[in-house]
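**Q** Need coordinates for the following:
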Amino acid sequence: MTAAAVARHTSAPSRAERGSVALEFAFAAPIVFLLLALAWTYGRVAWANGHLEAGARDAARVATQARSLDEARQDAVAVLRENTAPVPGCAGSSALRIDGRFEPGETITVTATCTYRISDIGLPGAPGAVSPTSSFSSVIDLHRGIGGTP
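**A** Numbers count the residues shown, from 1 in each chain. This next block holds a predicted model:
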């Protein structure tokens with residue numbers, strides 16, 4: 001192949017190929033943006049669920065340090081709301097349940113739930129709200145006084 005033939009094959013695209021890069025970008029851009037929006041949505045859900053799980057864990061640990069079941073509920077709800085406060089709407093809709101016997105050596109389980117919106121991201125087809133649930137169990141210390149007794 002001569003130098004002139006090589007130059008013809010490596011020169012600028014022909015008139016028929018002009019604009020093909022812009023057309024390819026026009027097809028690929030929405031797909032790329034949709035994938036980025038999905039990644040953002042999944043990241044936001046994981047972030048919010050992490051706050052709920054941390055709240056359930058901390059609430060269970062705080063509840064095992066209380067002297068009465070009523071005090072355990074109050075402290076656990078306060079800790080759950082504090083942990084879920086960064087998630088818009090979650091702290092206000094949080095609910096907590098304590099299962100198990102509140103006696104030394106027994107295991108109690110704290111189940112926490114809240115509802116937060118993901119439709120405000122603007123992703124087409126995203127559900128309006130998500131209501132995850134998280135549980136954590138903790139053992140009440142055998143040597144801990146319950147009900148005011150040492």
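**Q** State the number of residues packed around Leu34.
**A** Number of residues near Leu34 (other Cβ atoms under 10 Å) recorded here: 13. Where you see a C-beta, it was placed from the backbone N, CA and C, and this is true even at glycine.
**Q** now the helices: where do they sit in this structure?
**A** Along the chain, the stretches classed as helices by DSSP state H are 3-9, 20-63, 69-84, 90-93.
**Q** The longest one packs against which elements?
**A** Okay, so that is helix 20-63. helix 69-84, helix 90-93, strand 107-113, strand 133-139 (3 or more Cβ pairs under 8 Å, 6 or more residues apart in numbering; DSSP states H and E).
**Q** on that earlier part again, let me have the helices of the chain in a markdown table, adding mean pLDDT as columns.
**A** Output for the helices of the chain, formatted as a markdown table (pLDDT from 0 to 100):
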| stretch | mean pLDDT |
| --- | --- |
| helix 3-9 | 57 |
| helix 20-63 | 88 |
| helix 69-84 | 93 |
| helix 90-93 | 85 |
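**Q** May I see these arranged in a markdown table, with distance to Ser119 as well?
**A** Shown next, in a markdown table, are these (distance: least, Cβ to Cβ, whole Å):
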| stretch | distance to Ser119 |
| --- | --- |
| helix 3-9 | 53 |
| helix 20-63 | 10 |
| helix 69-84 | 19 |
| helix 90-93 | 15 |
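**Q** Indicate which one of those is closest to Asp141.
**A** helix 20-63 (11.2 Å; Cβ to Cβ).
**Q** Model confidence at the closest residue to Asn49 other than its chain neighbours, what's the number?
**A** Distances taken as Cβ to Cβ, 6 or more residues apart in numbering put Pro132 closest to Asn49, at 5.1 Å, once the chain neighbours are dropped. Among the per-residue scores, Pro132 shows a pLDDT of 91.
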